[in-house]
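> fold the stuff below for me.
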Amino acid sequence: MLWLCITLPQLPLEALQCEQSERPTVVTVLEGNVRSVVCCNPAAERVGLKPAMNFTTALAILPEVIAMERRLSAEQAALERLATWAYQFSGTVIVGELFLDLQRARSTAVWLEIGASLRLFGGFRKLIEQLEAELRKLSYSYQLGIAPTLEGSALLARTGVRVAITSVEALRARIGSVSVRWLNLDPWIPEQLQTVGVRTVGMLVALPRDGVAKRFGPEVCNYLDRLMGSAADPRPTYRLPPQYHARFEFEAEVHNTEALLFPLRRMLREFVGFLRARDTGVQKFTLRFIHRDAVATVLTIGLSMPDRNSERFLALARERLEHTALAAAPVALELSAEEFAMPTGMHIDMLSGATEQSEELGHTIDRLVARLGEAQVHGVKAVAEHRPENSWATADPQHARPHLDFPDRPLWLLPEPKPIQLSGMPVLTGAERIESGWWDGGDVRRDYFIARTQQGAALWIFKDLNDGSWHLHGFWS
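Numbering: from 1, shown residues only. You can find the predicted model right below:
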């Protein structure tokens, strides 16, 4: 097997905020009586703040720094959303654990078995390029490592070795000179190893196992065996849920609608990863804005045809948000979908481009519905009824129109026919007789004609055969 490890060194911060802030921001955690910095954004690092720094020292350097409390529930939710997204690249995904200790808090990882995916994606380079392109859109900081063992790929990712190691022998040779401080062990163990002069992985592996186990415990030997591929490393794999549900909790109430678009954009892209993994699309999904002291605001986003394009989803959600008054400032955002359908084919007709035009029309209708509301946008369908005023009805915008063999008729009909005088009217053409409606009390007997005025306008008129009067019923374009 060949494992791709994605480590997330900024997950404690990026699980709390999606956008890049220009204001120095840190995530802190209280260990005993000491509050320490877990991670910093680039703006904080530029002024000298760094992980593992005492927060009191950080305040002395920059009193106006923004501090957020580490929240493990937010990290776990982000990790699971990312695992769901990763299924589009591999059928085997493993979620790493969250570490409480400060030294390993930035070592959380997700693993993908990519050996079976290489042919599908066209080899290492194309797979990595596509994965990184999608990963960057999620605004996560990451490092990648590829190795035949789980712990080996994680070690390569943490040390920034961007080389695909495909054999255990090559892995052992590559990590022999790596410092023991990068090993995924309890922090006191690497410190003790360096104290006694064991500074590299190669030096540690060369030590007698009995002595290592006696001094540091059997977990060190077990870890080394899994790292080097000498022992199996069974871990539970993550499984795609049958329905999709994701939640993002804000650090504080969000009063600006634009600020909601940052987490929404990430959540929609993660959602699209889930749809790709299942090779399906969605025609309806639900956004739920959770408020602290009010009932949740629910927006159901409907589409005219199944799709899985995150940018189109975002455009529709944005339209709905602009025309929706939230009950209060939200403190969390949920996205869910329960029904899925195969997305409409994206192939373009080589001669007419009919499929592309149909999709563009569908997306335009979706935007109109999102902006004006479902009750304001509808289509028109023909009804098997000869009386012109009764031969049509409103329908769903994407309703399949049955073909009815009517003679040519104008699209513009008056709400009610208007009596007219026929004097001076030019020659009449296009006669059509209609006799219908005797069964419902709306009996009509009419002869319809096309008449042209002196200005060139084409009128649709009829003669009432009951009394001989003439009426105007519509206009031709």
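> where's the nearest residue to residue 309 once chain neighbours are set aside relative to residue 339, distance?
Distance criterion C-beta to C-beta, 6 or more residues apart in numbering; nearest residue to residue 309, sequence neighbours excluded, is residue 272 at 7.1 Å. All C-beta atoms are positioned from the backbone trio N, CA, C, and that covers glycine. Counting by C-beta to C-beta, to the nearest Å, the separation of residue 272 from residue 339 is 16 Å.
> same check on residue 275?
Per C-beta to C-beta, residue 275 is found 12 Å from residue 339.
> what do you get for residue 47?
The gap separating residue 47 from residue 339 is 50 Å, by C-beta to C-beta.
> ok, residue 243 next?
From residue 243 to residue 339 the distance is 9 Å (C-beta to C-beta).
> before we move on, the earlier item: name the element the residue nearest to residue 309 belongs to?
Following DSSP states H and E, one finds residue 272 within helix 257-277.
> elements contacting that helix?
Under the contact definition 3 or more C-beta pairs under 8 Å, 6 or more residues apart in numbering; DSSP states H and E, helix 257-277 sits against helix 72-86, helix 124-137, strand 244-249, strand 282-291, helix 310-322, strand 330-337.
> now do the shortest one against strand 330-337, angle only.
Orientation check (axes from the mean of the first three to the mean of the last three C-alpha atoms, to 10 degrees): strand 244-249 against strand 330-337 gives 170 degrees.
> what residues sit buried inside strand 244-249?
For strand 244-249, the neighbour count (16 or more other C-beta atoms under 10 Å) marks 244, 246-249 as buried.
> got it, and stretch 252-265?
Of all the residues in stretch 252-265, those buried under the rule 16+ other C-beta under 10 Å are 254, 260-265.
> ok, residues contacting that stretch?
Stretch 252-265 has contacts (C-beta atoms under 8 Å, 6 or more residues apart in numbering) with 17-19, 248, 250, 287, 289, 292, 310, 314, 317-318, 321-322, 326, 328-331, 333, 335.
> stretch 209-222 now?
With C-beta under 8 Å, 6+ apart as the criterion, stretch 209-222 contacts 185, 189, 192-193, 204, 231.
> determine which two of these are furthest apart.
By the measure C-beta to C-beta, 192 and 231 form the most distant pair in these, at 23.0 Å.
> okay, and the beta partners of residue 393?
Under DSSP bridges, the beta-bridge partners of residue 393 are residue 381.
> worst-scoring helix or strand of the protein, pLDDT-wise?
Lowest by mean pLDDT, DSSP states H and E among the helices and strands of the chain is helix 354-372, with a mean of 60.
> circling back: which one (most neighbours) among the contacts of stretch 209-222?
Within these, residue 193 tops the neighbour count with 25 neighbours, counted by other C-beta atoms under 10 Å.
> dump the residue contacts of the nearest residue to residue 280 once chain neighbours are set aside.
Closest residue to residue 280 apart from its sequence neighbours, by C-beta to C-beta, 6+ apart: residue 340 at 4.3 Å. The contact partners of residue 340, taken as C-beta under 8 Å, 6+ apart, are 275, 278, 280-282, 306.
> if we use 10 Å, what do you get?
Contacts for residue 340 (C-beta atoms under 10 Å, 6 or more residues apart in numbering) come out as 242-244, 274-275, 278-285, 306, 308.
> do the same with residue 183
By C-beta under 10 Å, 6+ apart, the residues touching residue 183 are 151, 154-155, 158, 175, 189-190, 193, 201, 204, 220, 223-224, 227.
> look up how far residue 238 lies from the residue lying closest to residue 79 once chain neighbours are set aside.
Of all residues not flanking residue 79 in the chain, residue 95 sits nearest, at 5.7 Å (C-beta to C-beta, 6+ apart). In this view, residue 95 and residue 238 are 5 Å apart by C-beta to C-beta.
> find residues that contact each of these two.
Shared contacts of residue 95 and residue 238, defined by C-beta under 10 Å, 6+ apart, comprise 79-80, 82-84, 86, 110-111.
> would you list the residues you listed in TSV and tack on distance to residue 42 and neighbour count?
TSV is the format used below for those (distance: C-beta to C-beta, whole Å; neighbours: other C-beta atoms under 10 Å):
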residue	distance to residue 42	neighbour count
79	22	21
80	26	17
82	21	25
83	26	23
84	28	23
86	25	26
110	23	21
111	27	27
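> now, which of these sits nearest residue 410?
Ranked by distance to residue 410 (C-beta to C-beta), those are led by residue 84 at 53.3 Å.
> let me know the pLDDT of the closest one.
We have a pLDDT of 94 for residue 84.
> that one is in contact with residue 273, isn't it?
Yes. If you go by C-beta atoms under 10 Å, residue 84 and residue 273 touch, sitting 6.7 Å apart.
> contacts only, for residue 189.
Residue 189 touches 180, 183, 204, 212, 215-217, 219-220, 223, counting by C-beta under 10 Å, 6+ apart.
> and with 6 Å instead?
Counting by C-beta atoms under 6 Å, 6 or more residues apart in numbering, residue 189 makes contact with residue 216.
> which strand or helix spans it?
Counting by DSSP H and E, the element that carries residue 189 is helix 188-195.
> immediately after that helix, which helix or strand?
Following helix 188-195 toward the C-terminus (DSSP H and E): helix 201-206.
> rounded mean pLDDT for that next one, please.
Mean per-residue pLDDT for helix 201-206: 93.
> residues of it that come out buried?
Using 16+ other C-beta under 10 Å as the test for burial, helix 201-206 gives 201, 204-205.
> now swap in stretch 266-286 and tell me
Residues of stretch 266-286 classed as buried: 266-278, 280-283, 285 (neighbour count, 16+ other C-beta under 10 Å).
> one more: stretch 192-201?
Across stretch 192-201, burial judged by 16+ other C-beta under 10 Å covers 193, 198-201.
> now, which of these sits nearest residue 9?
Residue 9 lies nearest to residue 201 out of those, by C-beta to C-beta, at 20.2 Å.
> distance check, the closest one against residue 176.
Here residue 201 is placed at a distance of 6 Å from residue 176 (C-beta to C-beta).
> ditto for residue 115
Residue 115 sits at a distance of 24 Å from residue 176 (criterion: C-beta to C-beta).
> domain-wise, how is this structure divided?
What automatic domain parsing lists as the domains of the chain is 3-16+71-228, 244-343, 388-476.
> the second one: how far from the chain's middle?
Going by C-alpha atoms, centre = their mean, to the nearest Å, the spacing between the C-alpha centre of domain 244-343 and its chain's C-alpha centre is 8 Å.
> begin at 715, not 1, for the rest of this chat.
In the new count, where the first residue is 715, that last one comes out as domain 958-1057.
> span of that domain from start to end?
Its first and final residues considered, domain 958-1057 spans 17 Å by C-alpha to C-alpha, to the nearest Å.
> ok, now the shortest one?
Here the two ends of domain 1102-1190 are set 14 Å apart, with distance taken as C-alpha to C-alpha.
> for the residue nearest to residue 1144 when sequence neighbours are not counted, grab phi and psi.
Ranked by C-beta to C-beta, 6+ apart and with sequence neighbours excluded, the top spatial neighbour of residue 1144 is residue 1164, at 4.2 Å. Residue 1164 adopts backbone torsions of phi -100, psi 120, taken as degrees, to the nearest 10.
> sweet, I'm off.
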